[in-house]
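[1] Coordinates only, no sequence provided:
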C-alpha cells in the first residue's frame, strides 16, 4: 500500500515520499523494515527512530525523524484503520464446518473430523488436530504440532513447529483494554494476534490474548504450565518456564531463560531481564535487571526478602522488646529526674560546706 | 401457584391468605413483588420485610410479619422444593444435538452447525454462536451477543444484549456448597441460575457459578478478564472491571465502578461499595465502604498499607536498631548503677568535708 | 511379563529370579504386590523396601534388598520403557469420531452424539456424557457419573462411581516436567495417568495432570472447586475441600479432610496431614502435621500468623516508637555526658572545699 493511499485512508497530512510502499503496520517495538508504525506518546519517539519503520502516524511532526510522517488528529484511531487494512477483522459468521475449502492442510496432517479449520488457515506437515479444536481464519500452524481437544485459536494466530497445546487452551482472545466514555467502558482496538514460536508447550486451560495492533509473542522453546494467563502485547522470551496459574499483565516482557514459579503475578509494562527467577506467589511491580532471584509481593531480591521474612516471623517478639525498651527507658528517665535533686543538693551542700 | 398449594407441597402450616398467588420464588435480597421467599436465619428477618415477597417460608412464626407465612421444619429443604417447582431442574439427558425444535432462535442469529441450543432456549437477533458452544435448556440470550467457540452455558442462564463471551467460558456450573453428614460432603441445593446484564464482556476461561436458589448477577457494562472466578450468589455491580485471575467467593457483592486488579481475592459475603479499587494480589476480608483504594492481604486502605509496606522493607534495619537500643540502654543502666556509688560517696565526702 | 524379558527390554543386569512375573510398573509409593518399581534416588531405598514391589530398577545394587533387582545405567529411562510396555502411549491420531467400536459403553449410559469415546474406554451404568466431551483411549468411567459439556479426559483416566465433572475440565494432560539439555527444555516422561475415586466433584475449568509413571490420585469424596490446578503425581486424600483457584505443585500430598481456601498455593513435594486447614491466599512451603489451621505466605500456624499480622498493622506506629526511643536515649546519653562533668566538679569542689 502506497503512503499517499494511507494518508487518504486516515485523512492525514503526509510529509515524505508519497510513492513509498508500506508492507505492513506494527507498533514501534515490532515494526520491521518497510512497515508503518505509530507514535501515540511523544516519550516513545526514540522507539520509532529505533524501529525499521519507513513511516509513522503521529499527532504532530516529529523533529529529526528519519522516516516519512502522516500527521492526524487521533493516531490510535488512524493506526487501527491501517492495521485493519493489512489484517482485516474476521467476522465470526465466517466460521465454517470441518475444513474450509480455502484452508491449506498438509497431506500428512491428521485432523479430527470434529475439528474446524477456517478459511485461509495453513496447517503444516504431520501436525495433529484433535476433536473440538477450532482453528480460526488465517491461522498459520507449522509442522509436527499437536493441538489437543477443545483448543480454540482465534484468527491470525501463528504457531511455529513442534508446538504442543493442551486441552482447553484459548489463544488470541481480545485483550482487556477499555477507555471510559460517558460512564461506560468502551473496548479499545484489539486488532493484533498471537505469535507462538517453535518448541513451545502450553498447558491445559492457559489463555494468551492477542496484541492491540501487533503480536503477543511467546519465544522459542518456552514452556507454559496449566492455567497461565498472558495478557495482550506481552513479549515472552525464549526458553522461559512459566509455572501454573502465573498471570502476566499487558505489555510486559521477559528475557530468555526466565522462570516464574506458581501463582506469580507481573504488573503491566514490566520488563524482566534474562535468567530472572521469581518465587511462588510473588508479585513483580518493577523492572528486574536479570540474573537474580526475587521473592514476595511486592517482589524484592531474594537476599533482602529473606531478611525481611526472618524479621516478620519475629515481629511479635520484637514488639514486646520495643515495649520493654519503653518501660525501661521511662524508668531511667524517672530515676535521672529524681537523681538530679541529690546531685544539685550535693553541689549546694558542697557550697554550703 | 396458590399459597395453599405451596403449603401442601412442603407440608407446612399456612398463616395468611390461602388464595394468594405466588409468581416465583427467590431469596430475600432478590424476591420481587408477588414472589415467595425464605427465612433460614432469624437475623435476616429484616431482609424479608424489606423484600417485595408476598409470603415467606420459615421455621417459626415471625412477629409483625407483613406477608403470609408457611411454617415448616426445614425451610431450606422446603424452599428447594418450591424453587424446583418454578424452575424445574433440567436432566442432562435432555441435551439434544444442534438446535432443538423447542428452542426459539431469531432469524438473523448466526448459529454454527456445531453449536447446541437446547429445548426452551431463546436466542435474540443478530447474536452469533460459535462452534462447540452449548446453550443448555431454557437459556435466554439477548440481541447482538457473541458467544465464541467452546463456551458452555448451563440451563436457565440469562444474557442481556451485546454480551460478548470469549472461548472456553463456563457460566452456571454448580456452586461449591456442601454440608457434612456422617463424614461425607453432601452437595446442597444448587437450583439458581446466572443473570448477565447487557454490555458485559467475559474473558477466555472465566467461570461464573449459578446461585443457590436465585441469581448470581453480573451488572450492566461490567468487563471480566480471562480466568476470573465468580462464585455462587455473587451480585456484581455495573461497570466493574475485574482483571485476570480474580476470585470472588460466594455471596459477595460489589457496587458500581469497582475495579479489582489481577489475582485479587474476595472472601465470601463481603460487600465492596461503589468505586472501590483493590490492588493486584490483594485479599479482601472485610466490607469496604467505597471510594477508596485497598492494597495487601489482608487488604487495607492504600495510605495505611503503603506505610506498612515502607516499614516492612526496612524491617531488617529496624531490627538492628532495636538491638542497638537494647545494648545502649543496658550500657546506660550499668553506668547509672556504678555512678550511683560515686554520687553517694560525693555526698558522703561532702558531709565528711 | 517375566523379569528376564524386562531385563532384555532395558538391557539391564538381573539379580534375582528370572521367571518372576511382573504384573505392572509403578513408582515406589504406589507399587503393589507383583509390580516392578524404580529407584532413582538412593535416599528413597526405604520406600522401595516398604512397597509391595517384587523387583526394582536401579543404577547400582541395593544392599539388603528384599526383591529382585535390574541394574541399568539410566533407571528413569529404563523404567519409562517398562511403564510404556504396561501402559502403551496412545497416538492422538487414534481419536475416532463418536463412540469407538472398541469402547464398552453400558446400555443405560447416556452419551451425547457430539461426545467422543475412544478405543478401549469403558463407561459404566447410568453415566451421562455431555456434548463436546472427549473420553480418550482406555479411560475407565464408573457408574452414575456426570461429565458436563466440553470436558477432556486424556488416555487412561480412571473415574470411580458418582463422579461429577463440570464443563471445561481437563484431566490427564502432561505434567510440567523438563530437564535442560544444550540450553533447551526437554520434556521428561509423562507416562502416568489420573485416578479419581468415587463421589469426587470437580468444578468448571479445573485441571489435573497425569502422574510421571503412575497415578495422580484424588481420594474418595473430595470436592474440587472451579479453576483448581493439581499437578503431576499429587496424592489428594479423601473428603478434602479444595476451593477455587487453589494450585498444588507436583508430588504434593494431602491427608483426609484437608481444607484449602481460595487461591492457596502448595509447593511441590509438600505433605499436609489429616484435617489441615489453610486460609485463603496462603502459600504452604513446608510439611504440616495436620489438625491445625495455617495462614499467610509463607504459611504459618494461625495463632502465630495472627500475632504477626496484628504487629504488621501497627508497624508504622512501631517505627515511630523506635525513632522516639532513639531520640530519648540519645538525649539521656547527652544528659549523662554533661552530668558527668558537674558530678566530677562536685567532687573536685568538695575536694577543694
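    That came in fine, so what should we check first? Here the structure is a predicted model, which is why all the values come from computation and not from measurement.

[2] Which of the three states applies to residue A:323?
    Secondary structure, DSSP: H, G, I helix; E, B strand; the rest coil: residue A:323 is helix.

[3] Now do the contacts for the most centrally placed residue in chain A.
    The centre of chain A sits closest to residue A:234, judged by CA atoms, centre = their mean, with a distance of 2.5 Å. For residue A:234, the contacting residues are A:216-217, A:248, A:250-253, by CB atoms under 8 Å, 6 or more residues apart in numbering or on different chains. For glycine as for every other residue, the C-beta is placed from the backbone atoms N, C-alpha and C.

[4] And residue A:254, by the same measure?
    Here residue A:254 is in contact with A:235-237, A:240, A:248, A:260, A:271-272, A:276 (criterion: CB under 8 Å, 6+ apart).

[5] so what's the backbone phi/psi at the residue nearest to the centre of chain A?
    Main-chain torsions, residue A:234, degrees, to the nearest 10: phi -60, psi 150.

[6] All the helices of chain A, in order from the start?
    A:3-9, A:45-50, A:75-86, A:302-313, A:315-352 (DSSP state H).

[7] can you pull the buried residues of the shortest one?
    Within helix A:45-50, the residues scored as buried using 16 or more other CB atoms under 10 Å in any protein chain shown are A:45, A:47-49.

[8] quick revisit: restricted to strands, list the contacts of residue A:254.
    In this view, the contacts of residue A:254 that belong to strands under DSSP state E are A:235-236, A:248, A:260, A:271-272.

[9] what's stretch A:101-114 in contact with?
    Outside stretch A:101-114, the residues touching it (CB under 8 Å, 6+ apart) are A:98-99, A:117-133, A:135, A:143, B:114, C:92-93, C:95, C:97, C:114, C:116.

[10] Just the buried residues out of those, in ChimeraX syntax.
    A single ChimeraX command selects the buried members of the contacts of stretch A:101-114 (16+ other CB under 10 Å):
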select /A:99,117,118,119,120,121,122,123,124,126,127,128,129,130,131,132,133,135,143 /B:114 /C:92,95,114,116
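
[11] where does the stretch 151-300 of chain A come near chain C, residue by residue?
    A:164, A:166-168, A:199, A:201, A:203-205, A:221, A:223, A:225-227, A:239, A:241, A:243-245, A:262-263, A:280-281, A:297 (CB under 8 Å from any CB of the partner chain).

[12] picking up where we left off before, among the contacts of residue A:234, which two are most distant?
    Farthest-apart pair in the contacts of residue A:234 is A:217 and A:250; separation 13.4 Å (CB to CB).

[13] per-residue confidence for residue A:259?
    Note on residue A:259: pLDDT of 98.

[14] Next up, the contacts around it.
    With CB under 8 Å, 6+ apart, residue A:259 has these contacts: A:240-241, A:243, A:276-278.

[15] Quick one: low-confidence residue ranges for chain A.
    A:92-94, A:340-353 (pLDDT under 70).

[16] Put together CSV for the helices of chain A, with distance to chain C on each row.
    What follows is the helices of chain A, written out as CSV (distance: least, CB to the nearest CB, whole Å):
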stretch, distance to chain C
helix A:3-9, 41
helix A:45-50, 28
helix A:75-86, 32
helix A:302-313, 6
helix A:315-352, 4
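
[17] can you give me the offset of stretch A:297-312 from its chain's centre?
    Distance of stretch A:297-312 from the chain centroid (CA atoms, centre = their mean, to the nearest Å) equals 25 Å.

[18] if you look at it, does any of it touch chain B?
    Yes - Stretch A:297-312 reaches chain B (CB under 8 Å from any CB) through A:297-298, A:300, A:304, A:307-308, A:310-312.

[19] Check these for burial and list the buried ones.
    A:297-298, A:300, A:308, A:311-312.

[20] Sort out which one of the residues you listed lies nearest residue A:75 for me.
    residue A:298 (33.5 Å).

[21] got a list of what the closest one touches?
    Residue A:298 touches A:283-286, B:309, counting by CB under 8 Å, 6+ apart.

[22] can you pick the most crowded of these?
    Using other CB atoms under 10 Å in any protein chain shown as the neighbour criterion, residue A:284 leads those with 26 neighbours.

[23] surely that residue meets residue A:268?
    No - counting by CB atoms under 8 Å, residue A:284 does not reach residue A:268; the two are 10.7 Å apart.

[24] So what's the residue count around the residue lying closest to residue A:152 once chain neighbours are set aside?
    Nearest residue to residue A:152 in three dimensions, chain neighbours excluded: residue B:167, at 3.8 Å (CB to CB, 6 or more residues apart in numbering or on different chains). Number of residues near residue B:167 (other CB under 10 Å) recorded here: 31.

[25] Same check on residue A:32?
    Neighbours of residue A:32 using other CB under 10 Å come to 13.

[26] before we move on, what about residue A:195?
    22.

[27] Look up how far residue A:162 lies from it.
    As judged by CB to CB, to the nearest Å, residue A:195 and residue A:162 stand 15 Å apart.

[28] repeat for residue A:54
    Taking CB to CB, one finds residue A:54 at 34 Å from residue A:162.

[29] Pick out whichever of the two has more residues nearby.
    Using other CB under 10 Å as the criterion, residue A:54 and residue A:162 rank with residue A:54 on top: 22 against 17.

[30] Hmm, the more buried one is touching residue A:35, no?
    Yes - between residue A:54 and residue A:35 there is a contact under CB under 8 Å: 6.9 Å.
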